[in-house]
Structure formats: structure tokens, C-alpha cells
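Chemist: Sequence plus predicted model, see below.
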There are 2 protein chains.
Amino acid sequence: MSPRRRPNPSLAADDRAFLESYRPDDYERPSVAVDVVLLTVSEGALRTLLIRRTEQPARGAWSLPGGFVGMAESLDVAAARVLETKAGLKRIFLEQLYTFGHVKRDPRMRVISVAYYALVDEAIVRGAALASSDANRVVADVRVAWDGIVGGPVQAVGPNRSPLPLAFDHEEILATAVRRIRGKLDYTPIGFQLLPKRFTLRRLQEVHETILGRAVNKDAFRRRMLASGQLHATGTLEDEVGHRPAELYEFRERAAI
Amino acid sequence: MSPRRRPNPSLAADDRAFLESYRPDDYERPSVAVDVVLLTVSEGALRTLLIRRTEQPARGAWSLPGGFVGMAESLDVAAARVLETKAGLKRIFLEQLYTFGHVKRDPRMRVISVAYYALVDEAIVRGAALASSDANRVVADVRVAWDGIVGGPVQAVGPNRSPLPLAFDHEEILATAVRRIRGKLDYTPIGFQLLPKRFTLRRLQEVHETILGRAVNKDAFRRRMLASGQLHATGTLEDEVGHRPAELYEFRERAAI
DNA sequence: ATAATAGTGTCTCTCAGACACTATACC
DNA sequence: GGTATAGTGTCTGAGAGACACTATTAT
């Protein structure tokens, strides 16, 4: 049962002696899970991947993709694994969000959930396995009822405009993710993660407006983005747009796990 | 062994039926701990409470106060309990920081640590039980070797100016806490938590300067603080200062767990 | 030519930084 | 009065918002 029986050679001798006698099973332990809020911007709406629960508890309700943390994988790796197995997505921007640990948040047993959020271009979402017509998966609209980063309730809405009930405390997790990215947007170039490699400033501005839930000033936005030094003009223009084409930009570096 | 045997009456009938058959012990689980970075500002230095480990592993190294999460307590409650039992402090500002889950961060076994940070007035630290001359407790200086919120290494230094080696990944946790409060200071009134109920603007500015590790503009600081609406002038002045006394202010509300 | 959006130049307003000045306590 | 800090008034520079204007492509 012990996760690491092999003594670590870098430990001091008395550390090793201690390990021999230590009995981890003497203490009752909670389960630890990761839940991932996969966010994308599509058609001017903030959207997230939800999976319908087919088993108890909360069968039929919608939940964030998640899974239990393996004994030999770090939290980051567990979150990336969940993203790959449940959404078919690899090498996506992924950051830890918050850890939810209320005693009764899962009726089965004590489950502590380390929540992550991921940002991904909508085109990748469409191309991934989750695009297959699976009635138990949906990329739901996220309706946010508050301004700025004050926080508050959110609602997931399905393609047919019907509200989707969320299992456990997943509405709180989703709301926390929205609050976090709204706050991060003010001082980090997080919006790039939601766009393809090349994009126009107009598209980037639309992403910001969608996340923030309000219009932003076009001139100031352009100036601020270009002054940040994070953007690289490619010299090429978009095409087939029916009006004057805009220049395509790239983000200088692209974080991924 | 199961944490909650009593059926929850609010559950649907099939949820209850599921609970009867669910066997949480089928899966191996990690241990979950909380570690608390207790920060205070004293004599122009950022300081934190450290406890010397008297048992293996890492006996003799210094560690953040911490403890395992009980099966019937939430993470917030566990952190507050640690603060009370290990530092004798109650009703202190306490917020979740980050969750550390590298597989080998603890050589004994898989331990996932949910880190919290707490901010407290130095006078309370001095009055608490931890002031008792315990050679295994120290309020150490935190030396920060980087500017702004870029992050980097930190070092804990004892009263005799000797560096204190930290156990496990506690240096990383401490550095994460410093990074977090530096960032929060830019847009939230977090500095109040490190001062007594009544304080002068000068003291508040000193706290900000200590946390940020740099001087801040006096005029702009006063204007910004007074304009924030978070401060309430008491009308009384400090006394016995040997020069013109400053007005005492209060923070409008004081968060605590 | 017309429509539609890309992109720029400029003015103003707000706010932070800098600095000088006055105010008020203890000695 | 001397000294030290509290607190204010004002100038300046940086950056966001607003708005007008030019540029460029498809139809």
C-alpha cells in the first residue's frame, strides 16, 4: 500500500531509518481529485466543456471534467491527463485555480478537489474528439451575472438555450474560474491562449470583451497591446473578409503543460 | 472507516442506494495537509513563523506550521486550527494560497499540501503564546531577492542573522506567499491586516514598503489610500512621538476566519 | 463609387510622481 | 526658536478614452 517503498538515496541515514518505521496507513485520508474548467471563446460567448454524469451520485447533472489524482502523478500532470482523456486535448494552457475542500461537497465521501482552468482556441475544441456527437458532452455557454471581478453566480446554458444544472460545487468552481481570468486579463496577456497562432487585433479585442463582459476602447486596446511587446507583427494580412484586411499578429511565446 | 455513514436525507433515493454500495477504500489515497505562512511586519522587515522539526523526516530543519486535514473539517477550518494550535492565534486574516502536490515533496509518503497565508499585527504575534521562549519556534526574517511579482528565491534568517534551512518545499511555499501578497497589495487593501486597529498613514506606508521591498511615493500613497474609501479617520491623534502627531485611521472592515 | 473595417493623429482627462510649502507637535 | 514629521497645493508626465481622419480591400 505504501506509495514509495524504495529508500531515496539522497536522504540522510536517520531519515531512512524513520521511513522504515513510518506507517502512513495509520491515518484516515481524504480522496483528492482534479477538476478542469476548460474555457474557450466562440461566437462572442464564453464557453466551457461539461460532461453529463452517467453514474451516481448526481446522475444526469452536468459536471466539469475531472478525475482522481494518481499516487504517482503530480497535480499538474493529473489535470493534463484529465484534459487529454476527457477532452482529447494535449499541450493546452493550464493553471491551478483553487482547491475546494468543504466536507460535504461530495456526498459519497470526503473529496478534496484541486481545480484547474484551461484556455483553448475554439478551433481546437471543434477539432478534438469531443466534437463527436456525444450526448453526454456539451460545450456550454457561461452566463455571468456580475461585472468586473466582484464575483457572483454563473449559469451554464446548453446549445438549445436550456440551463444545465451542475453537480456538486461545480458552479462555484466555474464562477471562480471566470473571476480569475477576468482579473488576470488586466495585467497578463492571457487572451492569446484562446486564439489560434495567428490572429488580428480585432479578434483579440473580441476575446477580451467576451471575457470581461463589456466593450473595451478600440484605440487604447491597440496601443496597450502593441506597447506591451508581447505581440509580433507577421507582415501578412487576413484575406477573404469582404473589407480591408487586418494584419495578422503572433504571440511571442506560448505557455503549455 | 467511511467518513459519512449516515445517509443524507436531501439525497435522491437512487443516490442513497449508490452510497450503500460505494466502497471508498477501493482506491489508494494521498494524505492532505495544510501549511500556513504566517506573515507579519516588524522593524521594517517581513517576518514569518517557523517551527523546528523535532522528528523525522528533516529533523532539525525549519518548517511552516502545518498539520493534516481532519476528515470532518474543511480546509479553511484546518488552516485556522493549525494557526491556533501552533501559534496560539485566533481570528486572523487567512486566505488560501496554492496547493503543492509534487509526488516526492515529502519523503515519507504522498502528501498534498494546501498552503494558506495569514497576515497579523506584530503586536499580536508578540502577545501570543509563541512569544514564550521556545527554541523550536522562531519569527524569522524573510529575505526576498527579487523585485515586483516576478518571483524567485527567498531566504529565512533567524534573529542571530543565521540562515534557516527550510524543510520539504517550504521555501517554495514561502516564496509563493510573498509573490501573492505583493501582487494583491496593488489592488486590494491587504496591508491593514498587518497593523493594529488604529494606525497612522505613515505606518501603513511602511508596511507597504516592507512588503514591496521598495520605497513608495508618500503623496501619491496618501491620496490613493484616502481616495479608496477604505479608511476612516478617527479624529484622534497619536501621542508621545516627539514631533507633530499624525491622525489615526481605521480600516472600515476587517476580514477574519 | 460605395461599404466596411483597419489603422493613425490628436486632444483631453485622470492619476501618479515630484517638489515645495505650510502646519503642529515636542524639545 | 529648533527640529522633525504631518499634511496640502501645484506642476508635470504617462496613459486611457474619445473622436476625427485617412487607408485599403471587396463588391
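Modeler: Good, I have the coordinates.
Chemist: contacts and neighbour counts: CA atoms only from here.
Modeler: Fine.
Chemist: before we move on, which element is A:L38 in?
Modeler: strand A:31-42 (DSSP states H and E).
Chemist: how far off strand B:31-42 does that strand point, in degrees?
Modeler: Here strand A:31-42 points in a direction 70 degrees away from that of strand B:31-42 (axes from the mean of the first three to the mean of the last three Cα atoms, to 10 degrees).
Chemist: can you list contacts of strand A:31-42?
Modeler: The contact list for strand A:31-42 (Cα atoms under 8 Å, 6 or more residues apart in numbering or on different chains) reads A:46-49, A:64-69, A:75, A:78-79, A:82-83, A:109-122, A:125, A:173-174, A:177, A:194, A:207, A:210-211, B:29-30.
Chemist: cool, stretch A:72-88 as well?
Modeler: A:3, A:34-36, A:65-70, A:89-91, A:94-96, A:114, A:116, A:128-130, A:257, B:100-103.
Chemist: how about a cut-off of 7 Å?
Modeler: A:34, A:36, A:65-67, A:69, A:89-90, A:116, A:128-130, B:101-103 (Cα atoms under 7 Å, 6 or more residues apart in numbering or on different chains).
Chemist: Neighbour-wise, give me the winner out of the residues you listed.
Modeler: A:V36 (33 neighbours; other Cα atoms under 10 Å in any protein chain shown).
Chemist: what bridges to that residue?
Modeler: Note on A:V36: beta-bridge partners by DSSP bridges are A:Y116.
Chemist: What of the one 5 residues further on?
Modeler: Assessed by DSSP bridges, A:V41 has beta-bridge partners A:L46.
Chemist: how many other residues sit next to it?
Modeler: 23.
Chemist: Please say whether there is contact between the strand or helix carrying A:E206 and DNA strand C.
Modeler: Under the criterion of DSSP H and E, A:E206 resides in helix A:201-212. Yes - counting by Cα under 7 Å from any atom of the strand, DNA strand C is contacted by helix A:201-212 at A:L201, A:R202.
Chemist: what mean pLDDT does that helix have?
Modeler: When pLDDT is averaged along helix A:201-212, the result is 93.
Chemist: Could you do stretch A:89-100 as well?
Modeler: Mean predicted confidence for stretch A:89-100 is 96.
Chemist: neighbouring contacts of that stretch?
Modeler: So stretch A:89-100 is contacted by A:83-84, A:112-120, A:128, A:177, A:193, A:255-257, B:98-99 (Cα under 7 Å, 6+ apart).
Chemist: show me the contacts for A:R52.
Modeler: So A:R52 contacts A:G60, A:A61, A:W62, A:S63, A:N136, A:R137 (Cα under 7 Å, 6+ apart).
Chemist: just to revisit the earlier point, among the contacts of strand A:31-42, which ones are in strands?
Modeler: Applying DSSP state E to those, the entries found in strands are A:46-49, A:66-68, A:111-119.
Chemist: quick check, nearest of those residues to DNA strand D?
Modeler: When those are compared for distance to DNA strand D (Cα to the nearest atom of the strand), A:L46 wins out at 21.3 Å.
Chemist: The closest one contacts A:I211, doesn't it?
Modeler: Yes - assessed by Cα atoms under 7 Å, A:L46 is found in contact with A:I211 at 6.5 Å.
Chemist: of those two, who's got more company?
Modeler: Taking other Cα under 10 Å, A:L46 and A:I211 do not tie; A:I211 has more neighbours (24 against 21).
Chemist: that older thread, in ChimeraX, how would I select just the buried ones from the contacts of stretch A:89-100?
Modeler: Those of those that count as buried under 16 or more other Cα atoms under 10 Å in any protein chain shown are selected in ChimeraX with:
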select /A:83,84,112,113,114,115,116,117,118,119,120,177,193 /B:98,99
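Chemist: out of the contacts of stretch A:89-100, who's near DNA strand D?
Modeler: Taking Cα under 7 Å from any atom of the strand as the test, DNA strand D is in contact with none of the contacts of stretch A:89-100.
Chemist: Report how many residues lie close to A:E250.
Modeler: Neighbour number of A:E250 under other Cα under 10 Å is 19.
Chemist: near DNA strand C at all, the helix or strand where it lies?
Modeler: Under the criterion of DSSP H and E, A:E250 resides in strand A:247-251. Yes - counting by Cα under 7 Å from any atom of the strand, DNA strand C is contacted by strand A:247-251 at A:E247.
Chemist: Hey, what's the angle from that strand to helix A:201-212? Just curious.
Modeler: Using the same axes, to 10 degrees: strand A:247-251 against helix A:201-212 is 60 degrees.
Chemist: so what does strand A:247-251 touch, helix or strand wise?
Modeler: strand A:198-200, strand A:231-237 (3 or more Cα pairs under 7 Å, 6 or more residues apart in numbering or on different chains; DSSP states H and E).
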